[in-house]
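Trainee: Below is the sequence, then the predicted model.
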2 protein chains.
Amino acid sequence: MKKFMNAVDDVVMESLKGFCAAHSDLVMLGDDGKFVQRVNPVDNKVALISGGGSGHEPLHAGFIGSGMLDAACPGAVFTAPTPDQMIAAAQAVERGAGCLFIVKNYSGDIMNFEMAAEMFEGRVESIVTNDDVAVEDSTYTTGRRGVAGTVIVEKVVGAAAENGFDLAQCADLGRQVNDRTRSMGVALTSCTVPAAGAPTFQIGDDEMEMGVGIHGEPGRERMSMQTASEISELMINAIMDDLAPKDTQDAIVIVNGLGATPLLELYLLYDCVQDQLQKRNVRIARSLIGNYVTSLEMAGCSFTVSLADQELIKLWDAPVHTAALRWNC
Amino acid sequence: MKKFMNAVDDVVMESLKGFCAAHSDLVMLGDDGKFVQRVNPVDNKVALISGGGSGHEPLHAGFIGSGMLDAACPGAVFTAPTPDQMIAAAQAVERGAGCLFIVKNYSGDIMNFEMAAEMFEGRVESIVTNDDVAVEDSTYTTGRRGVAGTVIVEKVVGAAAENGFDLAQCADLGRQVNDRTRSMGVALTSCTVPAAGAPTFQIGDDEMEMGVGIHGEPGRERMSMQTASEISELMINAIMDDLAPKDTQDAIVIVNGLGATPLLELYLLYDCVQDQLQKRNVRIARSLIGNYVTSLEMAGCSFTVSLADQELIKLWDAPVHTAALRWNC
């Protein structure tokens, strides 16, 4: 294992220190590193809190800032954060309008966020993202996994909270967005968790793991490598068969790198995705191409398609100023 | 070789198509793909044109837009673009104030941009970036290589051009910025050029190439892997010994991923870089952490330090709206 690190146990904290120093205008470490929070929480705005295992950066801390999250709780690499982290974060950023927990569907995250919601002395609602169509149930999941669709939920609900939506409205909107969002990923290589020291899985020089999870969980099928067009067709078919849009529909699309995929290839994939969606009368209204929800240094990508009406696109376009997403401000 | 592609010969063009479609508000393909240009060139503004081999994305096309470049000429992967590409780009975006070519110091790029400057019927100045302190002369270079410092030159001169600097002033400023900018990189793995189909170099499981070039050219030394703190000290020492700042000085710093390095590790490295610079009384006034000048899927990073006065920081902070950098607009 070759990684830029000092000691395995210090990787996450040293990285968080660097992150908060680099973006000190936006974020700061809370409570000895239990969470990262926005430097300027807003009174009477619903506080959005997310979190999960580290190793998926920029998710979630990279989305803290005006127009998106108020705090994020980082666990160890690929390990759920603990309830005390979430409670501490909620206490720090709740400003009279309640807290919304945005939780990716993994058993550990669900359990701990639920426990925190019960223990926090204040109003809390939770929404669970489960956009990954690859498999029902998985290594760490009952039901579908939550993956890059979470970024769309966090962005849209973040804008709504900033625009004065109350807690119930934010939760309702988040669930609606999750319901019309689907993703699927593919891996060409494994990643290596620092504490494990060896690749999570083995894969051949001509193989890919179709439907891989963001921790290297098995997907639908181990397949022979195919062209970018063929891979895109397989993945967009899986997504769109499940999503079943109306005849013509607008969508927000993410072509997401899992860590080691060159931007050169991600844009090539976007070209393929565009062709696939055009065939199905889906118009890409907005897109993100880059590394947004990663699996350490895994080579691979995921596609996310979120059906969007004008209201949703307006919330997507609303000002956002975070380390990883910034526009119109 | 596993890559998301269709045919080796189509990788660059299909990627450019995807790029221009994803950012059609900012850029468009010119002249059947000879170059990428800003959709709205500005009259009487110096036109900034850069270019070089592909495989370093987001460099250069990702920096086209208001406040930065007007056009970029992409060569094949790791191959200089041709003079006719540069001439076509200059003809498309020159709007009465002349063209500034920003060229990374590689023999092929230098030769072709020089030829284009001679053949273009209009005013042209050229500046050459050579910020890499790793080695004098290299596989493709007489003198030092131009690497991620180029991003700082393009940003600062881009802002100056937008603010009405004339051609000579832009060229002068670009040379000044280059003169006070230094970089060095390190690789943990090789990358694979699509047309070659095999890794550019071999490297052991416990080795790193200190001072690597952005095409996988040899650096200063093949060394045993060290901790992030030790690696940062080595690289910052090399940079700062060469740069020799005054007692206390502000700097713009880039911690750049070469392609496959997780953001988790890049922020950890930023934490280390900060410690190193503090010891030397250098204050980080602004920073960028992420993949800005890559080497396909190489695991590794580079550091760039650019000494900056208030005037330079003001130009750095000026509005920029490109695919890869966006702020204050």
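Mentor: Great, that's in hand.
Trainee: quick one, strands of the stretch 101-250 of chain A?
Mentor: For the stretch 101-250 of chain A, the strands defined by DSSP state E, counting those that start in this stretch occupy A:124-129, A:181-187, A:207-210, A:221-224, A:249-257.
Trainee: Would you format the ones you listed as JSON lines with distance to residue A:114 and mean pLDDT included?
Mentor: Glycine gets a C-beta too; all of them are placed from N, C-alpha and C. Formatted as JSON lines, the strands of the stretch 101-250 of chain A follow (distance: least, C-beta to C-beta, whole Å; pLDDT from 0 to 100):
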{"stretch": "strand A:124-129", "distance to residue A:114": "7", "mean pLDDT": "98"}
{"stretch": "strand A:181-187", "distance to residue A:114": "22", "mean pLDDT": "98"}
{"stretch": "strand A:207-210", "distance to residue A:114": "30", "mean pLDDT": "98"}
{"stretch": "strand A:221-224", "distance to residue A:114": "33", "mean pLDDT": "98"}
{"stretch": "strand A:249-257", "distance to residue A:114": "27", "mean pLDDT": "97"}
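Trainee: can you tell me the helix or strand for the residue in the stretch 1-150 of chain A positioned nearest to chain B?
Mentor: In the stretch 1-150 of chain A, no residue comes nearer to chain B than residue A:18, which is 3.4 Å away by C-beta to the nearest C-beta. Using DSSP states H and E, residue A:18 sits within helix A:11-22.
Trainee: Show me what that helix is in contact with.
Mentor: A:3, A:5-6, A:27-29, A:33, A:36, A:54, A:57, A:61-62, A:74, A:76-77, A:194, A:323, B:228, B:264-272, B:274, B:287, B:289 (C-beta atoms under 8 Å, 6 or more residues apart in numbering or on different chains).
Trainee: The same query, at a cut-off of 6 Å, please.
Mentor: A:5, A:27-29, A:33, A:54, A:194, B:264, B:267-268, B:270-271, B:274, B:287, B:289 (C-beta atoms under 6 Å, 6 or more residues apart in numbering or on different chains).
Trainee: quick one on the thing from earlier: return the per-residue confidence for the residue of the stretch 1-150 of chain A closest to chain B.
Mentor: The score at residue A:18 is 98. That number is its pLDDT.
Trainee: Just the buried ones from the contacts of helix A:11-22, in ChimeraX syntax?
Mentor: Buried members of the contacts of helix A:11-22, defined by 16 or more other C-beta atoms under 10 Å in any protein chain shown, are picked up in ChimeraX with:
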select /A:5,27,28,29,54,194 /B:264,267,268,270,271,274,287,289
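Trainee: Name the residues of chain A found near chain B, please.
Mentor: A:2, A:4-6, A:14-15, A:17-19, A:21-22, A:57-58, A:188, A:225, A:227-229, A:259-260, A:262-265, A:267-271, A:274, A:287, A:289, A:296-297, A:326 (C-beta under 6 Å from any C-beta of the partner chain).
Trainee: Just those: which are in helices?
Mentor: A:14-15, A:17-19, A:21-22, A:228-229, A:263-265, A:267-271, A:274 (DSSP state H).
Trainee: quick one on the thing from earlier: show the buried residues in the residues of chain A next to chain B.
Mentor: A:2, A:4-6, A:14-15, A:17-19, A:21-22, A:57-58, A:188, A:225, A:228-229, A:259-260, A:262-265, A:267-271, A:274, A:287, A:289, A:296-297, A:326.
Trainee: Provide the count of other residues in contact range of residue A:96.
Mentor: By other C-beta atoms under 10 Å in any protein chain shown, 12 other residues sit near residue A:96.
Trainee: swap in residue A:219?
Mentor: 22.
Trainee: Break down chain A into its helices, ranges please.
Mentor: A:11-22, A:83-93, A:107-119, A:149-162, A:167-179, A:228-243, A:263-279, A:310-317.
Trainee: What is the fifth one packed up against?
Mentor: The one in question is helix A:167-179. Applying 3 or more C-beta pairs under 6 Å, 6 or more residues apart in numbering or on different chains; DSSP states H and E, we find helix A:167-179 packed against strand A:124-129, helix A:149-162.
Trainee: Against residue B:20, how distant is residue A:325?
Mentor: Residue A:325 is 21 Å from residue B:20, where distance means C-beta to C-beta, to the nearest Å.
Trainee: cool, residue A:26 as well?
Mentor: Counting by C-beta to C-beta, the gap from residue A:26 to residue B:20 is 31 Å.
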